Every structure is written in C-alpha cells, then in structure tokens.
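*Asks:* Dropping the sequence and predicted coords here.
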Amino acid sequence: MAWQYILVCLFDFIIAPILTMVFFQGNETSYVQWVPLTIQNGGLYHLSMGAIMGIYTWSRGQEKMSHIEK
C-alpha cells in the first residue's frame, strides 16, 4: 500500500510536471502549469491514505506486541 502511495506522489508531484514542461517546450506553445490531481477536493486522497496507513501500522504494531507478550 505504501509503495502505491509513493508512486502516485512521485508521478503527481515530480514526473507529471516535468513531462508537462517538456511537452509544452516541444510544441512551442504557452506553458500551462500542472495541477496535481491528488490535491483536488481538499487533498482527500492524502487524508484517506494517511488514515489507511496509520491504521495499518498501528494494527501491525499491536500484532508484534502480542507476539512479544507470549
């Protein structure tokens, strides 16, 4: 799950803006700035991924602690 989130963030904040810049330089048209897709709607995607990964890490920690107590 975390790998997918990292790849989405890399694309949305690094790869897509660079590709957009290269595309507009190649076509010699006016540059239109890239708007990150995951920031739209108040960043709900990042909030939900944070909640999912937070719950996952908390439950994983509980599992490890239960194995230590046995």
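*Replies:* Perfect, thanks for sending it. Numbers count the residues shown, from 1 in each chain.

*Asks:* which secondary structure elements does the longest helix belonging to the chain contact?
*Replies:* Criterion DSSP state H: the longest helix present in the chain is helix 40-69. If you count contacts as 3 or more Cβ pairs under 8 Å, 6 or more residues apart in numbering; DSSP states H and E, helix 40-69 packs onto helix 2-10. Bear in mind the C-beta positions are built from the backbone N, C-alpha and C, glycine included.

*Asks:* ok, so what distance separates the residue sitting nearest the centre point of the chain from residue 65?
*Replies:* For the chain, residue 9 is the residue whose C-alpha lies nearest the centre (Cα atoms, centre = their mean; 3.2 Å). Applying Cβ to Cβ, to the nearest Å, the value for residue 9 to residue 65 is 30 Å.

*Asks:* again with residue 2
*Replies:* For residue 2, the distance to residue 65 - Cβ to Cβ - is 21 Å.

*Asks:* do the same with residue 4
*Replies:* 27 Å.

*Asks:* Next: residue 6.
*Replies:* 27 Å.

*Asks:* So what's the residue count around residue 3?
*Replies:* By the measure other Cβ atoms under 10 Å, the count of residues near residue 3 is 7.

*Asks:* List the residues that contact residue 45.
*Replies:* Counting by Cβ atoms under 8 Å, 6 or more residues apart in numbering, residue 45 touches 8, 38.

*Asks:* please redo it, this time with the cut-off set to 7 Å
*Replies:* residue 38 (Cβ atoms under 7 Å, 6 or more residues apart in numbering).
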